[in-house]
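Asks: curious how this folds, go ahead:
(2 chains)
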Amino acid sequence: MTFSPELEAKIERMFSQYPPDRRRSAVIPMLMYAQDEIGSVTRELVEEVARRTGITPLAVDEVVTYYSMLHRMPLGKSHVQICTNISCMLNGGTELWEQATRRLGIGHKEVSADGKISLEEVECMGACSWAPAIQVNYDFYHQVTPQKLDEMLTQLGAAR
Amino acid sequence: MPDPVKLTIDGRQIEAAPGTLLINAAKAAGIEIPAFCYYDGYSLQAACRMCLVEVEKTPKMPTACTTPVAEGMIVRTDTEQVRRARKMTLEFLLTNHPLDCPVCDKGGECELQDMVFRYGAGGSRFIENKWHVDEKQWSPVVFYDGPRCILCFRCVRVCNEGMGVGALGIVNRGSVSEIAPNEGDHLNCDECGMCIDICPVGALTSGTYRYQSRPWEMDHVGTICTHCSNGCKTTLGVRNGEILRGNNRDRSGINGEFLCIKGRYGFDFYNHPERLQSPLMRVNGTLQPVAWSTALEAVARKFTETKNAGGKFGVIGSTRTTNEENFYLQKFAREGLGTNNIDHHRSGDVVTLLDALSGRANASLATTADLYTSKAVLIIGADLSLEQPFLAFQVRANFRHHAAKVYVVTPEPVREDKYAARSMRAAGDPIWGALDQMRDALANEAELVILFDDSIKGEGVRRLLEFGTALGKPVKYVALVDYANSRGAVDMGLTPDLLPGYHASPQRGLSLDEMINAPDLDVLWVIGANPLSRADLSASSPFLVVQDMFLTETAERADVVLPAASAYEKSGSFTNVCGEVQRLKKGLDVMGTKPDLEIIGLIAKEMGLAATVGPWIADRVFDQIRRTVRGYDVSLPVIATGGAAQTAPVNGRISSTGRPEMIRSVHNDLFASGTLGRYSKILNSVLEKTEGEVEPIEAVHR
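Replies: Numbering: from 1, shown residues only, chains lettered A, B, ... in the order given. Purely as a prediction, here's the structure:
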């Protein structure tokens, strides 16, 4: 399979940064970037990454199944990640998580029926000073309140 | 040698070579550091945390399996802290472990059981429900029980590094991690079962053995595999006259921890429903069961009549009978029947190699151990990983441990390409061109082992040795052959022109093809071979006597069929592809059959020739072989204690060409093994699997 010219160039650059016999070093970044472009880590992608890095598809699967930020199923258009780790939990993260699941009617790593929003309960995102924190795709939202979350979800297209 | 490092373990002064891992330094000093994931010869994992020890001035306890010794290091392996750590590690390992030891195959020979017994705590603080998933069948021979798995990565490493297959991995994270096969829900691999053997617990189990027996109910009979020519030791688990498993229990053979599917599972031909268990005689055109005495008498009568009438005999021997049987057979043929018409199916040009080695400096025969130690290896023709799996395993280990340079000249892509210093595709004459291109690189190696298959024979072998000598380095050779005693058959003189030990026969007899095509053959006696599967006996209609385990194409045509014992049912010796002699150990009797040695002896006795051929006792015949066959004066204690001794019948010109044009290898792959393979359910089930669906999971009792 081929990626967009931009991604192809990015991958090319990546390989040039690793020693020639360490092509497998590119497995994780390749998967991350390609996931952003394709929407999820498909079987085809796994095989492509294996081919390009010279390892077995199973060895790529080991990585894919290990890391929670690599998704084998497509996510919603907006992927809402709510932290319930210690700092966020102490500041209401768990309540935010419950609020979101109630309103959207979906759970961990599930996608709303219209495909607009997916939910994920995540571990620490390194934003403890501004807990509770939420990440939507690659954007951070700090010191989120139940009200802010409600508005956020409405903006992202959640039904009332 | 660099100076040894001095360190202290448990108060004892110890010396070890620099780079030695703490776990091995302790072991050498007789101090056990327990570990699951550490396995000698494979990459380090430090996954199980069982080998934690105290090292002075190191704040946290390091893993002894990854810590090299250092000068002045002070190590303690038996302190309260270490003991506590071991208890807790085991407590964690048992968190989800089902403790179904009473029905687990591994019970009684389980490393986890042993460790918990010695180092474990009496109780567990975990009161949560155990995580459970059902066991999975990944192939006809490999089953996986996830909850039993302690995630030591041994199977993953042995498959990847040892076998070069890489069919296993570990997916997911934390307590739900599990081993996964390469095809999602099933395995596409060599089906060698190495992962099962190396598993310290009962997570990976064998399709043939699972839920069959407790290990202590079986006799463990260490014998030599009867399939390919590599001569691996396989330990048969025998209970009440039944073989339940083959494995590599004590790793004491030349093959160390290695066994392929044939050695591990391919024993099952022995109780195939079509196994012959009574002599058969042709009565009114059809084969009818008869008593042994009737059959032997008929054969002896016909043999005597033919001999007295000056008739023509043809004798075709086997590549799977023992040295003793082969020696005895040719002696009977030559001295008893007075014929040199004796041959067998030859698959590699051993004769020319031995002759060409005579008097040549810097050239000799390689042992299987040489394949692991030689600085360089050249493989010509064979797809080594499929056809000679143990030799390939040795070469891979040599590359892994010693960075050996591997050179490959084969017609098709092979597994060795992946790590070869140079791989070239060539068959027939272009092989020489490829070798020419490799010449400079090969000449730069300090030493070399050359393995060649039947694409190099006759003058080709001499040319190859010239090539080797011209490199100016010590070169050792292996002429690859097909079957368990292919090498022994030619050593023992199952040839029309060579006596045992490669002495020329005063009179040349008929070769295999000549016998089949002779218009005036009176008797054809076939022992453990199936020549009529690929040739037609149309030129003449001799009295055909066949000794075999099955009603092969040849046996179907026979006048008398005598049911023979398999290699697992008799004593004797085999000589492997490298000329290493090893002793067979009888595992069981199969009712109605007799070893070929006894059958031949009984025919001789019936003919009144017992005095000519001598007693049909394997040890007595072997003694005669040792005294009379060139190269076979091997050390008895080595053989008797289950070791391998290399025969080197070289340094004497061989006055015969050995008719190299008749040499043809059948190039059996991992899942084929001539007649035996046809009657092995397991080998065939795996074949079906690779072409189609996985067999449904079998019902198991829990």
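Asks: per-residue pLDDT, the most centrally placed residue in chain A?
Replies: Closest to where the C-alpha atoms of chain A average out (C-alpha atoms, centre = their mean) is A:M69, at 4.4 Å. What the model reports as pLDDT for A:M69 is 91.
Asks: let me see the ranges of the strands in chain A.
Replies: A:78-83, A:110-111, A:117-122, A:134-136, A:139-141 (DSSP state E).
Asks: looking at those strands, which is closest to B:S385?
Replies: Among the strands of chain A, the nearest to B:S385 by C-beta to C-beta is strand A:117-122 (44.3 Å). Every C-beta, even on glycine, is put in place using the N, C-alpha and C of the backbone.
Asks: I'd say B:T554 and B:L532 touch.
Replies: Yes. Shown here, B:T554 and B:L532 form a contact pair, counting by C-beta atoms under 8 Å, at 4.1 Å.
Asks: quick one: closest of the strands of chain A to chain B.
Replies: For these, distance to chain B was read as C-beta to the nearest C-beta. The smallest value, 14.3 Å, belongs to strand A:117-122.
Asks: from the chain's centre, how far out does the closest one sit?
Replies: Offset of strand A:117-122 from its chain centre (C-alpha atoms, centre = their mean, to the nearest Å): 9 Å.
Asks: report the strands that pair with it, each with its relative direction.
Replies: Strand A:117-122 has the following sheet partners, assigned by DSSP bridges: strand A:78-83 (parallel), strand A:110-111 (antiparallel).
Asks: who touches that strand?
Replies: If you take C-beta atoms under 8 Å, 6 or more residues apart in numbering or on different chains as the criterion, strand A:117-122 is touched by A:68, A:75-85, A:97, A:100-101, A:104, A:106-112, A:135, A:153, A:156-158.
Asks: one step back: can you put the strands paired with strand A:117-122 in a markdown table and add mean pLDDT and mean neighbour count?
Replies: Below are the strands paired with strand A:117-122 laid out as a markdown table (pLDDT from 0 to 100; neighbours: other C-beta atoms under 10 Å in any protein chain shown):
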| stretch | mean pLDDT | mean neighbour count |
| --- | --- | --- |
| strand A:78-83 | 96 | 23 |
| strand A:110-111 | 94 | 18 |
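Asks: how about stretch B:410-417 against chain A, any contact?
Replies: No. Judged by C-beta under 8 Å from any C-beta of the partner chain, stretch B:410-417 makes no contact with chain A; its nearest approach is 13.1 Å.
Asks: surely A:D61 meets A:E47?
Replies: No. Using C-beta under 8 Å, A:D61 makes no contact with A:E47, being 10.1 Å away.
Asks: more neighbours: the two, which one.
Replies: Legend: neighbour count by other C-beta atoms under 10 Å in any protein chain shown for A:D61 and A:E47, higher for A:D61 (22 against 14).
Asks: tell me the confidence at the closest residue to the more buried one other than its chain neighbours?
Replies: With sequence-adjacent residues excluded and distances taken as C-beta to C-beta, 6 or more residues apart in numbering or on different chains, A:D61 is closest to B:V171, at 5.8 Å. You'll see B:V171 listed with a pLDDT of 95.
Asks: list the contacts for residue 40?
Replies: Since you didn't name a chain, this refers to chain A. Contact analysis of A:S40 by C-beta under 8 Å, 6+ apart lists A:H71, A:R72, A:M73, A:P74, A:L75.
Asks: my question was about chain B
Replies: Neighbouring residues of B:D40 by C-beta under 8 Å, 6+ apart: B:N24.
Asks: please redo it, this time with the cut-off set to 10 Å
Replies: By C-beta atoms under 10 Å, 6 or more residues apart in numbering or on different chains, the residues touching B:D40 are B:L21, B:I23, B:N24, B:K27, B:G256, B:E257.
Asks: A:A34 too?
Replies: A:1, A:3-4, A:7, A:10-11, A:40-42, A:45-46, A:48-49, A:70.
Asks: out of these, which end up buried?
Replies: Buried members of those, counted by 16 or more other C-beta atoms under 10 Å in any protein chain shown: A:F3, A:L7, A:I11, A:V41, A:T42, A:L45, A:V46, A:E48, A:V49, A:L70.
Asks: I'd like those written out as a markdown table, with distance to A:C124 added.
Replies: Listed next are the buried ones among the contacts of A:A34 as a markdown table, based on distance: C-beta to C-beta, whole Å:
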| residue | distance to A:C124 |
| --- | --- |
| A:F3 | 31 |
| A:L7 | 29 |
| A:I11 | 29 |
| A:V41 | 23 |
| A:T42 | 29 |
| A:L45 | 28 |
| A:V46 | 28 |
| A:E48 | 32 |
| A:V49 | 27 |
| A:L70 | 18 |
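Asks: narrow those to those in helices?
Replies: A:L7, A:I11, A:L45, A:V46, A:E48, A:V49 (DSSP state H).
Asks: correct me, but B:Q507 touches B:I342?
Replies: No. With contact defined as C-beta atoms under 10 Å, B:Q507 and B:I342 do not form a contacting pair (11.7 Å).
Asks: mutual contacts of those two, please.
Replies: By the contact definition C-beta under 10 Å, 6+ apart, B:Q507 and B:I342 are jointly contacted by B:R334, B:P496, B:D497.
Asks: which of those residues lies closest to B:P542?
Replies: B:P496 (16.5 Å).
Asks: residue contacts, the closest one?
Replies: B:314-315, B:339-343, B:505, B:507-512, B:514-515, B:656, B:658-659.
Asks: go again with 7 Å.
Replies: B:N340, B:N341, B:I342, B:D343, B:R508, B:G509, B:L510, B:S511 (C-beta atoms under 7 Å, 6 or more residues apart in numbering or on different chains).
Asks: adding secondary structure, distance to B:M438 and neighbour count, write these out as a markdown table.
Replies: Output for the contacts of B:P496, formatted as a markdown table (DSSP: H, G, I helix; E, B strand; the rest coil; distance: C-beta to C-beta, whole Å; neighbours: other C-beta atoms under 10 Å in any protein chain shown):
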| residue | secondary structure | distance to B:M438 | neighbour count |
| --- | --- | --- | --- |
| B:N340 | coil | 42 | 23 |
| B:N341 | coil | 43 | 25 |
| B:I342 | strand | 40 | 30 |
| B:D343 | strand | 36 | 28 |
| B:R508 | coil | 38 | 15 |
| B:G509 | coil | 41 | 20 |
| B:L510 | coil | 41 | 21 |
| B:S511 | coil | 35 | 22 |
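Asks: make CSV out of those residues and add pLDDT and distance to chain A.
Replies: Below are the contacts of B:P496 laid out as CSV (pLDDT from 0 to 100; distance: C-beta to the nearest C-beta, whole Å):
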residue, pLDDT, distance to chain A
B:N340, 96, 55
B:N341, 97, 54
B:I342, 97, 50
B:D343, 96, 46
B:R508, 92, 54
B:G509, 94, 54
B:L510, 94, 53
B:S511, 93, 48
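Asks: output these in TSV; the columns should cover distance to A:A26.
Replies: As requested, the contacts of B:P496 are exported to TSV (distance: C-beta to C-beta, whole Å):
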residue	distance to A:A26
B:N340	67
B:N341	67
B:I342	63
B:D343	59
B:R508	66
B:G509	66
B:L510	65
B:S511	60
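Asks: ok, back up a step: in a markdown table, list the shared contacts of B:Q507 and B:I342 along with pLDDT.
Replies: Shown next, in a markdown table, are these (pLDDT from 0 to 100):
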| residue | pLDDT |
| --- | --- |
| B:R334 | 96 |
| B:P496 | 94 |
| B:D497 | 92 |
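Asks: restricted to strands, list those residues.
Replies: Per DSSP E, the shared contacts of B:Q507 and B:I342 never map to strands.
Asks: so what's whichever residue of the stretch 351-500 of chain B sits closest to chain A up against?
Replies: The minimum distance from the stretch 351-500 of chain B to chain A, using C-beta to the nearest C-beta, falls at B:K418 (9.7 Å). B:K418 makes contact with B:G164, according to C-beta under 7 Å, 6+ apart.
Asks: kindly report the same for B:C199.
Replies: B:C199 neighbours (C-beta under 7 Å, 6+ apart): B:R154, B:C155.
Asks: one step back: want to throw the strands paired with strand A:117-122 into a markdown table with distance to B:K405?
Replies: Listed next are the strands paired with strand A:117-122 as a markdown table, based on distance: least, C-beta to C-beta, whole Å:
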| stretch | distance to B:K405 |
| --- | --- |
| strand A:78-83 | 51 |
| strand A:110-111 | 54 |
